[in-house]
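Engineer: from the sequence below, what's the structure:
(one chain, ligands or ions: 1)
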Amino acid sequence: MTDRAPTMRDLATRKSTGEKLVMLTCYDALFARLLESAGIDLLLVGDSLNEVIAGRRNTLSATLEQMIYHAAAVRRGVERALVVVDLPFLSYQVSIEEAIRNAGRVLAETDCHAVKLEGGAVMAPTVRALVERGIPVVAHLGLTPQSIHALGGYRVQGRSDADAAALLADALALEDAGASAVVLELVARGRATEISRALRIPTIGIGAGAGCDGQVLVLHDVLGLNEGFAPRFLKQYATLGADVRDAIGRFADDVRSGTYPDDAHSFE
Ligand code: KIV
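Structural biologist: Next up, the predicted model:
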């Protein structure tokens, strides 16, 4: 990218140059600073925060207030990275008017760059209405967690020819409506590659293989903080869960034995 801060419009240029997009979820300013300094292109304030840090069973109960609170924190932590915010369940499905109001609030109150919403061609009119009003949109297809009960579980999407054709039609409809990018979650890799080739806008895969134009993962999973969560697509790059337990255990031992605080950590 150039010296000026990147914009959502630059994503399509990145696709045309073949440079992969790197996205991670982020829920707070401290990690946002770290991720930006590590060179991450896009931070996603995902509604996965409802599971990962709020301890809920799924994303369905995430609220707009919760998303705005975390998105504003993430935005305060970055200068150049693009920040995309998930619109939570029922904040955009009821009517286009509500979608505009809620997505507008997200951008106005957080200063983030785009919203993300789940769903295929049925959401295209909503995407178009948001984009026409100056609100960039990232779409999300495949395994859409806000529809987990309808989908019947976390399983790979687009395996049959009919499902794959429907996914492709959805992706094309969202592109036509003005989406800036499409997240493809848990999609058979050959299908995800076909969709990526058919679109002008980038695809960002999670569990969708290497043919996508970028990749996104949940930060806490990548860092090994979400212990016990080990789906096939996930590659852990650290084991911070074990590091945290070790550090906290040593702190507790020092306090209990009276070796902390020592002279070096006390005031006269
Ligand atoms: O909420 C989220 O973190 C997401 C990613 C898994 C893509 O939507």
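Engineer: give the other helices and strands that whatever helix or strand residue 195 lives in contacts.
Structural biologist: Per DSSP states H and E, residue 195 falls inside helix 189-198. Where contact means 3 or more C-beta pairs under 8 Å, 6 or more residues apart in numbering; DSSP states H and E, helix 189-198 is packed against helix 161-177, strand 181-185, strand 203-206. Using the backbone N, CA and C atoms, a C-beta is placed for each residue, glycine as well.
Engineer: and those as TSV, adding distance to the ligand?
Structural biologist: Below are the helices and strands packed on helix 189-198 laid out as TSV (distance: least, C-beta to the nearest ligand atom, whole Å):
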stretch	distance to the ligand
helix 161-177	15
strand 181-185	5
strand 203-206	5
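Engineer: residue 11 is nearest to which of the ones you listed?
Structural biologist: strand 181-185 (5.3 Å; C-beta to C-beta).
Engineer: ok, back up a step: in TSV, list the helices and strands packed on helix 189-198 along with mean neighbour count and mean pLDDT.
Structural biologist: Formatted as TSV, the helices and strands packed on helix 189-198 follow (neighbours: other C-beta atoms under 10 Å; pLDDT from 0 to 100):
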stretch	mean neighbour count	mean pLDDT
helix 161-177	18	98
strand 181-185	28	98
strand 203-206	28	98
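Engineer: would you turn those into JSON lines with distance to residue 250?
Structural biologist: Converted to JSON lines, those look like this (distance: least, C-beta to C-beta, whole Å):
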{"stretch": "helix 161-177", "distance to residue 250": "49"}
{"stretch": "strand 181-185", "distance to residue 250": "38"}
{"stretch": "strand 203-206", "distance to residue 250": "35"}
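Engineer: with adjacent residues omitted, what lies nearest to whatever residue of the chain ends up closest to the ligand?
Structural biologist: Residue nearest to the ligand within the chain: residue 46 (2.3 Å; C-beta to the nearest ligand atom). Excluding the flanking residues, the one nearest residue 46 by C-beta to C-beta, 6 or more residues apart in numbering is residue 25, at 4.4 Å.
Engineer: residues in contact with the helix holding residue 195?
Structural biologist: 142, 158-159, 164, 167-168, 171-172, 182, 184, 187, 202-203, 205, 208-213 (C-beta atoms under 8 Å, 6 or more residues apart in numbering).
Engineer: buried stuff in it?
Structural biologist: Residues of helix 189-198 classed as buried: 189, 191, 192, 193, 194, 195, 196 (neighbour count, 16 or more other C-beta atoms under 10 Å).
Engineer: who's in contact with the closest residue to residue 126 other than its chain neighbours?
Structural biologist: Nearest in space to residue 126, with sequence neighbours left out and distances taken as C-beta to C-beta, 6+ apart, is residue 99 at 4.9 Å. By C-beta under 8 Å, 6+ apart, the residues touching residue 99 are 87, 91, 92, 93, 117, 126, 129, 130.
Engineer: wasn't residue 267 part of a strand?
Structural biologist: No: remark: residue 267 does not belong to a strand; assigned using DSSP: H, G, I helix; E, B strand; the rest coil, it is coil.
Engineer: for it, phi and psi?
Structural biologist: phi -100, psi 150 (degrees, to the nearest 10).
Engineer: how far does stretch 161-181 sit from the chain's center?
Structural biologist: Chain-centre distance of stretch 161-181: 19 Å, with C-alpha atoms, centre = their mean, to the nearest Å.
Engineer: for the spatially most central residue of the chain, helix, strand, or coil?
Structural biologist: For the chain, residue 44 is the residue whose C-alpha lies nearest the centre (C-alpha atoms, centre = their mean; 3.6 Å). Going by three-state DSSP, the secondary structure assigned to residue 44 is strand.
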